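[1] below are the sequence and a predicted model; questions follow.
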Amino acid sequence: MKKHYTKYIVIYLSPALLIFALIYLYPLLSVFVTSFTRWDGYSTPVFIGLKNFTKLFAMPAFHNAVKNTLIWALCAIFIHVPFGLCVALVLSKKLRGWRFCRAVFLIPNIVAPSAMALLFVFIFKPDEGILNSLLRMIGFTNAYNNWLFNTATAFGSVTMIWLFYAAVVTIIVLSDLLSVSTELYESARIDGASPWQIDRYINLPLLRKAMGACIIIAVAAVFKKFDIIYLTTNGGPGNATMTLSVMMVNAITNTMSYGYANAIAAVLVMMGIFVMGVCNRVFKMGKSAYE
Amino acid sequence: MRKYFSILIAAVLLCTFAGAAADPIQVTMLKSAGGNDTNIELWRHLVEEFEEWTDGKYTLALEEIPGVAVDVRTKLKMLNAANHLPALVSDLSAEPAFADLLISNDRLLDMSEAFAADEQWKSTAFETSIAFNTSEDGAMYTSPAVYTQYVGIFYNKELLAQVGYETFPETWEEFWDLCNKLKEAGIAALSLHTTETGWCPMLLATAYAATASEEGAAFLRENFPSDFNNDAMVDMITMLRKLFDYTTSDAIGGTYSLAANNFCTGKTAMIANGPWMIDSLYDTQYSPEGFAEKVGYATFPEHLMLCDEGEVYGYGISKDVSEEEQAGAIEFLKFLALPEVISEFTVTMGSMSNLVELTQETLDQLSPMMQEYADAVSQTTVTAPRYQAKWDSVVQTEVIEQELPNLVQDIITPEEFVTKMTEGAQRYLSETAGQ
């Protein structure tokens, strides 16, 4: 019987595994292998050992980029996802107009990131930008800060472009919340639980795996974020908003150093695997909601 | 019935294939569109003229890239990585490192035979450019220049007149005096920006460096300098910092389009740029009606203009395309070398050639602004090359673009900026060594 099933498992999984190998596995292996080479994207890669990595680790821009990427990952974990969760908890109460609010909250997430970036370039402009204009209206007459190009505010400003647009988190959490059995809520209410206690002792534990998934999605999105930085500050001023993805593109377009760019990519992948592993363990993704 | 229907289908298919076979061969090329330059109109016109010139055998398939020239170069690099370069590889003059890479990796066609066989093409190509674009073994992978453009400075005559300047300053002392007077009158003197290699401010800064000292003039002629730590460069960067005391508050982080728009809407009094901007001063899509009459064109102080004098890479022909398309690309380069086409470039973009005599008809077509530009060229006594053709891409994009906001906000000193330029240049050389 098992042998019979094995044959069909292999047959039905093979196409997916083949596509996975071609589209994901092969390029990933290429990245890792060529990260140890000097390669201009054309001629045969020349093995140079760890030189790309030693050069990378010695660069101040790299340290800044790693720091910025990790700060963004922490912002995703402790601000972006919890904010989406809070919105989901509010929406789950199904107050009047909750569907409208859900739709409006989703709008920024369906706007192309490049369009969002250009919009925020305008919002953050020193003279005519909306932010400074609003600040001047409420009494801050000296509000002419160049938010994106002042070293002190550049990183925070770029972060604001994505931080609170957590509709994906909200949708995932809300769909989980709406599938929770109402009997649990009824029992809790009968026992005298307040809405906060219901959220704290029933909803949050049941949302553990959804939260874990949201954090993994949010951190992955942060690691690969490129367009909003490229279209706003391009990693500047100085290296204030530099990230590994921007460094990678600079390496390719400015020096055609594909080997070096792949070394950056390899570091990015390893960082991502580490963070995902930690999330998996913390949120016990392999266990059921009740363990 | 079925038989007649089948015959009809076959006839339609035959006509379709016959029609397709008669279509001109498309010669692909990228061109920037937008960014306050109206040059794309000239190129659209050239598409029709080229097809007519080749009797419908070839047509130029222009892919218009929204943005400025640096956006075209970025796309070319991406296409190169995908082995999908267009037939004509343009903008190599501002990316000599990219050109070197393409040549060393045998990505471009050797056009020396086609060039040698065409007397017309040879007659309008600059000798210095032929020598520059010919390798040691006699191959020619990029086309020699058939015209050049001089870069000076546009100025708003009305705004200058308000502070007592009827003509553009002839010395740098007068230039700073003008800037101070404009500032006192509440007028932003200069259109500047920090992105896109800091094009406008860097033109002013390098023009200054070329006239401030012999060391500066000599340094600017050096190809891919690896060490910017010298007095001339520190002096130039100090001057670059000072320029931003006389500009708009949105210059930091601003693009070239923003700088051009500030000038065209009368917010600023001066912008350093080349003659290709002249058309946009007459185009009401970019400038108010009649704005061009208020604008003058001048050399930089000390009668200097920036010019490459043909010693830059021209167009390359990619080996990624079919042989027919390569042949079409060669025909297009011959077309560009025709005196009448060069004259069109003169009228629209201020492209100059001492090998082509301009007819009276062409001279009559020159707009008043273009005549001012021609006058400015005739008054030029000193030239210097443009920095884009001489410096590597790391210095231009990663250092100048990223560190210029810090320099302007006094977070780093000119000495530190120059040190970063040196580090960038050396990183470029180390990363491209062996390529």
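    Perfect, I can see it now.
[2] output the below-cut-off pLDDT ranges for the stretch 1-150 of chain A.
    Where the stretch 1-150 of chain A drops to pLDDT under 70, the residues are A:1-3.
[3] please name the nearest non-neighbouring residue to whichever residue of it sits closest to chain B.
    Taking Cβ to the nearest Cβ, chain B has its nearest neighbour within the stretch 1-150 of chain A at A:Phe149, 3.8 Å off. For every residue, glycine as well, the C-beta is placed using N, CA and C. Among residues not flanking A:Phe149 along the chain, B:Gly253 sits closest, at 3.8 Å (Cβ to Cβ, 6 or more residues apart in numbering or on different chains).
[4] how about B:Leu281?
    The shortest distance from B:Leu281 to any non-neighbouring residue, by Cβ to Cβ, 6+ apart, is to B:Ala292 (4.1 Å).
[5] contacting residues around the one you found?
    By Cβ atoms under 8 Å, 6 or more residues apart in numbering or on different chains, the contact set of B:Ala292 is B:278, B:281-282, B:367-369.
[6] let me see the mean pLDDT of the top helix by length along chain A.
    Ranked by number of residues, the top helix in chain A under DSSP state H is helix A:258-282. The pLDDT scores in helix A:258-282 average 90.
[7] so B:Glu415 sits right up against B:Asp235, yeah?
    No - using Cβ atoms under 8 Å, B:Glu415 makes no contact with B:Asp235, being 10.9 Å away.
[8] more neighbours, these two?
    Taking other Cβ atoms under 10 Å in any protein chain shown, B:Glu415 and B:Asp235 do not tie; B:Asp235 has more neighbours (19 against 13).
[9] surely that one meets B:Ala210?
    No - with contact defined as Cβ under 8 Å, B:Asp235 does not count as touching B:Ala210 (11.7 Å).
[10] any common contacting residues for those two?
    Residues touching both B:Asp235 and B:Ala210 (Cβ under 8 Å, 6+ apart): B:Gly216.
[11] surely B:Asn406 is within a strand?
    No - secondary structure of B:Asn406 (DSSP: H, G, I helix; E, B strand; the rest coil): helix, not part of a strand.
[12] quick one: contacts for it?
    So B:Asn406 contacts A:151, A:236-238, B:412, B:417 (Cβ under 8 Å, 6+ apart).
[13] neighbour-wise, give me the winner out of these.
    Busiest of the contacts of B:Asn406 [other Cβ under 10 Å] is A:Pro237, holding 29 neighbours.
[14] that one in helix, strand or coil?
    Classification of A:Pro237 using three-state DSSP returns coil.
[15] number of residues surrounding the nearest residue to it once chain neighbours are set aside?
    Spatial nearest neighbour of A:Pro237, chain neighbours left out: B:Pro405 (3.7 Å); criterion: Cβ to Cβ, 6+ apart. A count of neighbours around B:Pro405, defined by other Cβ under 10 Å, yields 28.
[16] and what of A:Tyr24?
    Look at A:Tyr24: counted by other Cβ under 10 Å, it has 10 neighbours.
[17] what distance do you get for it to A:Val269?
    Distance of A:Tyr24 to A:Val269, computed by Cβ to Cβ, to the nearest Å: 11 Å.
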